[in-house]
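Chemist: With the input below, show me the fold.
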Amino acid sequence: MSGHSKFANIKHKKEKNDAAKGKVFTIIGREIAVAVKEGGPDPANNFKLAQVIAKAKANNMPNDTIDRGIKKASGDGNAVNYEHVTYEGYGPNGIAIIVEALTDNKNRTAANVRSAFTKGNGSIGTQGCVSFMFDEKGQIIIDKEECELSADDLMMIALDAGAEDFSEEDDSFEILTAPDDFAAVYKALQENKIEMVSAEVTMIPQNYVELTDENAIKNLNRTLDMLDEDDDVQAVYHNWDE
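Modeler: This is a model prediction of the structure:
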């Protein structure tokens, strides 16, 4: 994965998120509600909730907001029931795209996602048609300028906590974990007061695809923008080398 600046990519996404912080918090709030419903309100005994809390903190969600979301989800029997749905498909030139959503209306969400693919000259595929091209990993990005530790010291903290890979780039460090080890590695970094630009369990492409055709790039951006604007969509993964 050398040559791909994760930090630049994450920073771009973060700036986009900062402009719509309310939506980001709404998205994470839904994830908290689902995690509490599925595994209870105690993150020590609910790995999924621990993951969502780590993501919330990486996005600067206030602790009070996180706590309110957990209490509301654990005590509100009339809360909206959201379902996980995943869509897979292709953008222009065969770019692989995975869309994860939480929805209270699968018909609405399916129609919106299909429209986003179609208007960008892409197509929805069958379950599993592109997910084999991705690996599920915990991914933590650290800005070099914000990290006082040496690369070796940071790497040892991460590996001792259970990380499986550590890489250094021009502007950042990247730590990869198995999904089950993400929470432990995140906690170890927190305890060492290491600031993280991004921390989440994500889908990482095994290979990246370049686009040189301006029309294809325009169409792909149209699809990604439409998906980004959809309130039901939680995450979009693709193998486009931006």
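Chemist: what's the nearest residue to residue 210 if we skip its chain neighbours?
Modeler: Leaving aside its sequence neighbours, residue 210 sits nearest to residue 241 (Cβ to Cβ, 6 or more residues apart in numbering; 4.8 Å). All C-beta atoms are positioned from the backbone trio N, CA, C, and that covers glycine.
Chemist: what's the burial count for the one you found?
Modeler: Using other Cβ atoms under 10 Å, residue 241 has 14 neighbouring residues.
Chemist: Was I right to think it contacts residue 209?
Modeler: Yes. Using Cβ atoms under 8 Å, residue 241 is in contact with residue 209, at 6.2 Å.
Chemist: Can you classify residue 126 by secondary structure?
Modeler: Residue 126 falls in the coil class when you classify it by DSSP: H, G, I helix; E, B strand; the rest coil.
Chemist: That one and residue 87 touch, don't they?
Modeler: No. Between residue 126 and residue 87 there is no contact under Cβ under 8 Å: 10.2 Å.
Chemist: Which one's more surrounded, these two?
Modeler: Legend: neighbour count by other Cβ under 10 Å for residue 126 and residue 87, higher for residue 87 (21 against 8).
Chemist: Could you pull up phi and psi at the more buried one?
Modeler: Here is the backbone geometry of residue 87 (degrees, to the nearest 10): phi -120, psi 140.
Chemist: where exactly do the helices run in this structure?
Modeler: Applying DSSP state H to the chain gives helices spanning 6-18, 21-39, 47-58, 63-75, 106-119, 151-161, 182-191, 214-229.
Chemist: Now do the contacts for the residue positioned nearest the centre of the chain.
Modeler: By Cα atoms, centre = their mean, the chain has its centre lying nearest to residue 202, at 4.9 Å. Taking Cβ atoms under 8 Å, 6 or more residues apart in numbering as the criterion, residue 202 is in contact with 136, 137, 138, 139, 235, 237.
Chemist: Of these, which belong to strands?
Modeler: 136, 137, 138, 139, 235, 237 (DSSP state E).
Chemist: how much space between the fifth one and residue 99?
Modeler: Applying Cβ to Cβ, to the nearest Å, one obtains 8 Å for the distance of residue 235 from residue 99.
Chemist: which one of the helices of the chain is the most hemmed in?
Modeler: Most buried of these, by mean neighbour count (mean count of other Cβ atoms under 10 Å): helix 47-58, with a mean of 21.
Chemist: Packing partners of that one?
Modeler: For helix 47-58, the packing partners by 3 or more Cβ pairs under 8 Å, 6 or more residues apart in numbering; DSSP states H and E come out as helix 21-39, helix 63-75, helix 182-191, strand 198-205.
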